[in-house]
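Asker: Structure for this input, please:
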Amino acid sequence: MSGEVAIARGRVRAAILLTLLPGGFAFGQPADPYLAQRRALIAELQAEARADAGSAARIERTALDLLARVPRHEYVPASERDDAYENRPLAIGYGQTISQPYIVALMTSLAAPKKGLKILEVGTGSGYQAAVLAESGAQVYSIEIIAPLAAQAAQRLKRYPNVGTRTGDGYYGWKEHAPFDAIVVTAAASSIPPPLLEQLCPGGRMVIPVGSSFFTQTLLLVHKDPQGRVRTRQVLPVRFVPLTGGPG
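Answerer: Okay, the predicted model is just below:
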């Protein structure tokens, strides 16, 4: 065997290993410079999930697997990229934030996305939560009231054929695609919007922060049973930007 052939085969083996590494690397592409940070964040969330086992705020392993696939640094402004894998919210402009990864993981766990389900997200923001939901294979419809954010998120989410986006008032849902198996609201409402309850299918669930001010909000899990009766469960205190739009 010549030295040239041996070297060539070694390169092929290295390329095969590269394509199999976690993080979605492809042959000929540079390594993800944020991979170590993303893995560290997931490890931190795993530790929190173990601490919360058995509580209403339980994070499921399946949700962490979804977060591990989404490059959060691509969903924040360039000025925030160095902090993209900190477990905290970050500013995305226009007075809005990308949610803390712990909250994204928790809301994803509560929504229980999976292939075959239809999910409405109210408040696209940067598109990160929609991307996490889409990784499950669910069909996701996401609405954002701030036009520049909606346009930016639509571009980021083009990679997901199972995500539809539009600019609009999420308080009224997306009637054309209703009913939804799950609804995820990423801004705090003073009460549960009636149009969203109407668009939640029997047996469906809604995850929504509710509160009259920034300092008195509670994350709720809302169930609609097969007979259409609604029950709510308090999960934990939260802080979200307010839901804009709606009547008045």
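
Asker: What lies in contact with stretch 238-248?
Answerer: Here stretch 238-248 makes contact (C-beta atoms under 8 Å, 6 or more residues apart in numbering) with 95-97, 99, 103, 122-123, 145, 169-172, 185-189, 193, 209, 214-215, 217-219. Every C-beta, even on glycine, is put in place using the N, C-alpha and C of the backbone.

Asker: Off-centre distance for stretch 148-156?
Answerer: 15 Å (C-alpha atoms, centre = their mean, to the nearest Å).

Asker: now do stretch 157-172
Answerer: Per C-alpha atoms, centre = their mean, the centroid offset for stretch 157-172 relative to its chain is 13 Å.

Asker: Excluding residues flanking it in the chain, which one is nearest residue 178?
Answerer: Excluding the flanking residues, the one nearest residue 178 by C-beta to C-beta, 6 or more residues apart in numbering is residue 199, at 3.7 Å.

Asker: And for residue 58?
Answerer: The shortest distance from residue 58 to any non-neighbouring residue, by C-beta to C-beta, 6+ apart, is to residue 52 (5.4 Å).

Asker: Next up, the contacts around the residue most central in space within the chain.
Answerer: Nearest to the geometric centre of the chain sits residue 129, at 1.9 Å (C-alpha atoms, centre = their mean). Going by C-beta under 8 Å, 6+ apart, residue 129 touches 99, 104, 107, 108, 121, 184, 186.

Asker: Check residue 94 too.
Answerer: 146, 148, 149.

Asker: elements contacting the longest strand along the chain?
Answerer: Longest strand in the chain, counting residues (DSSP state E): strand 200-213. In terms of contacts (3 or more C-beta pairs under 8 Å, 6 or more residues apart in numbering; DSSP states H and E), strand 200-213 is packed against helix 101-111, strand 180-185, helix 194-199, strand 216-224.

Asker: in it, what's buried?
Answerer: Across strand 200-213, burial judged by 16 or more other C-beta atoms under 10 Å covers 200, 201, 204, 205, 206, 207, 208, 209, 210, 211.

Asker: Over to stretch 91-106?
Answerer: 92-93, 96-106.

Asker: do stretch 186-195 as well
Answerer: Result for stretch 186-195 [16+ other C-beta under 10 Å]: buried residues 186, 187, 188, 189, 192, 193, 195.

Asker: what element comes up after the helix or strand hosting residue 132 heading to the C-terminus?
Answerer: Taking DSSP states H and E as the definition, residue 132 sits inside helix 128-134. Once the chain leaves helix 128-134, the next helix or strand it forms, by DSSP H and E, is strand 139-144.

Asker: Just the residues contacting the next helix or strand after that next one, thanks.
Answerer: Once strand 139-144 ends, the next helix or strand along the chain (criterion: DSSP H and E) is helix 147-156. Applying C-beta under 8 Å, 6+ apart, the external contacts of helix 147-156 come out as 74-75, 92-94, 96, 124-127, 130-131, 142-144, 165-167.

Asker: Report the angle between helix 147-156 and strand 139-144.
Answerer: Angle, helix 147-156 to strand 139-144, by axes from the mean of the first three to the mean of the last three C-alpha atoms, to 10 degrees: 150 degrees.

Asker: now for the next helix or strand after helix 147-156, which elements pack on it?
Answerer: Sequence-wise, the next helix or strand downstream of helix 147-156 (DSSP H and E) is strand 163-167. Identification of packing neighbours for strand 163-167 by 3+ C-beta pairs under 8 Å, 6+ apart yields helix 128-134, strand 139-144, helix 147-156.

Asker: Can you point out the buried residues in strand 163-167?
Answerer: 163, 164, 165, 167.

Asker: show me the contacts for the second one.
Answerer: Yep, that's residue 164 we're talking about. Residue 164 is in contact with 139, 140, 141, 142, 177, counting by C-beta under 8 Å, 6+ apart.

Asker: As a markdown table, the residues you listed with pLDDT, neighbour count and distance to residue 243 would be great.
Answerer: Shown next, in a markdown table, are those (pLDDT from 0 to 100; neighbours: other C-beta atoms under 10 Å; distance: C-beta to C-beta, whole Å):
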| residue | pLDDT | neighbour count | distance to residue 243 |
| --- | --- | --- | --- |
| 139 | 98 | 21 | 23 |
| 140 | 98 | 29 | 19 |
| 141 | 98 | 23 | 17 |
| 142 | 98 | 29 | 14 |
| 177 | 98 | 13 | 20 |
